[in-house]
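*Asks:* Sequence and predicted structure are below.
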Amino acid sequence: DAMVIQNPRYQVTQFGKPVTLSCSQTLNHNVMYWYQQKSSQAPKLLFHYYDKDFNNEADTPDNFQSRRPNTSFCFLDIRSPGLGDAAMYLCATSRASGRAGGTQYFGPGTRLTVL
Amino acid sequence: QQPVQSPQAVILREGEDAVINCSSSKALYSVHWYRQKHGEAPVFLMILLKGGEQMRHEKISASFNEKKQQSSLYLTASQLSYSGTYFCGADSGSGNTGKLIFGQGTTLQVKP
């Protein structure tokens, strides 16, 4: 089945130790998004790729970086995780064309714990 | 600008109806509705496009008032499976990438 896969599902890291979260998709969608969701809050968009074009949200900390080496894969790098970065990280994909923003399909998420 | 959802929480008995509203201060191209159960990813329910028709997903329907920049989600004859947090996602149409800004969520609990 076509889907959005995130690995790992649970990640524990130490304060300040770099961590990479991965997302892959078999939907062949041109847009991939990374969201941060803290408990009882809405998903907050960090950045997204439209094909290879990277779009950063103005309030995304520099500590967060992303890479999209090809259509199928996207990575979220947290260079120096702080306690405040503990959250669920959601990857989503969509097929956007023209002004029509397509349905976003979410992966199961990676829950990050920072010790 | 984050859209504002109301109410923040709803408790229903099975079979009762509910309405969840989503208001934006910005002009919108579309509104997306998602439901998220605890510990799971958001699941798409429906999309309302500017100039489009009212949509329906099973016994859940939604409308989009372009003049007011407001969307409403109608849950009819609620079932236990409707429990979860409902988010509206606002697409202003800028940048053509379909990025969404989500409202703060409305938690719905359906009791037997």
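*Replies:* Okay, I see it.

*Asks:* B:Thr85 bridge partners, please.
*Replies:* Note on B:Thr85: beta-bridge partners by DSSP bridges are B:Gln36, B:Thr107.

*Asks:* what's near enough to touch it?
*Replies:* B:Arg35, B:Gln36, B:Lys37, B:Gly105, B:Thr106, B:Thr107, B:Leu108 (Cβ atoms under 8 Å, 6 or more residues apart in numbering or on different chains). Where you see a C-beta, it was placed from the backbone N, CA and C, and this is true even at glycine.

*Asks:* and the residue nearest to the third one when sequence neighbours are not counted, how many residues sit next to it?
*Replies:* Pointing back at B:Lys37 there. Ranked by Cβ to Cβ, 6 or more residues apart in numbering or on different chains and with sequence neighbours excluded, the top spatial neighbour of B:Lys37 is B:Gly84, at 4.4 Å. Around B:Gly84 there are 20 other residues, counting by other Cβ atoms under 10 Å in any protein chain shown.

*Asks:* Identify the residues contacting B:Gly84.
*Replies:* For B:Gly84, the contacting residues are B:Arg35, B:Gln36, B:Lys37, B:His38, B:Thr107, B:Leu108, by Cβ under 8 Å, 6+ apart.

*Asks:* do that again at 6 Å, thanks
*Replies:* Taking Cβ atoms under 6 Å, 6 or more residues apart in numbering or on different chains, we find B:Gly84 in contact with B:Arg35, B:Gln36, B:Lys37.

*Asks:* right, and out of these, which lies closest to A:Pro18?
*Replies:* The closest of the contacts of B:Gly84 to A:Pro18 turns out to be B:Gln36 (Cβ to Cβ; 28.8 Å).

*Asks:* Contact partners for A:Met88?
*Replies:* Listed by Cβ under 6 Å, 6+ apart, the contact partners of A:Met88 are A:Gln37, A:Gly109, A:Arg111.

*Asks:* Most neighbours of all those residues, which one?
*Replies:* A:Gly109 (24 neighbours).

*Asks:* Now the most centrally placed residue in chain A: which helix or strand?
*Replies:* With distances taken as Cα atoms, centre = their mean, A:Trp34 lies nearest the centre of chain A, 2.6 Å away. Taking DSSP states H and E as the definition, one finds A:Trp34 inside strand A:31-37.

*Asks:* That strand pairs with which strands?
*Replies:* By DSSP bridges, strand A:31-37 pairs with strand A:44-50 (antiparallel), strand A:87-94 (antiparallel).

*Asks:* Tabulate those (TSV), appending distance to B:Met55.
*Replies:* Listed next are the strands paired with strand A:31-37 as TSV, based on distance: least, Cβ to Cβ, whole Å:
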stretch	distance to B:Met55
strand A:44-50	23
strand A:87-94	17
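
*Asks:* among the ones you listed, which is the most enclosed?
*Replies:* Ranked by mean neighbour count, the strands paired with strand A:31-37 are led by strand A:87-94 with a mean of 24 (mean count of other Cβ atoms under 10 Å in any protein chain shown).

*Asks:* Return the residues in contact with A:Ala87.
*Replies:* A:Gln36, A:Lys38.

*Asks:* Retrieve the pLDDT associated with the closest residue to A:Ser40 other than its chain neighbours.
*Replies:* In this structure, A:Ser40 finds its nearest non-sequential neighbour in B:Gly105, 7.8 Å apart by Cβ to Cβ, 6+ apart. As predicted, B:Gly105 sits at a pLDDT of 96.
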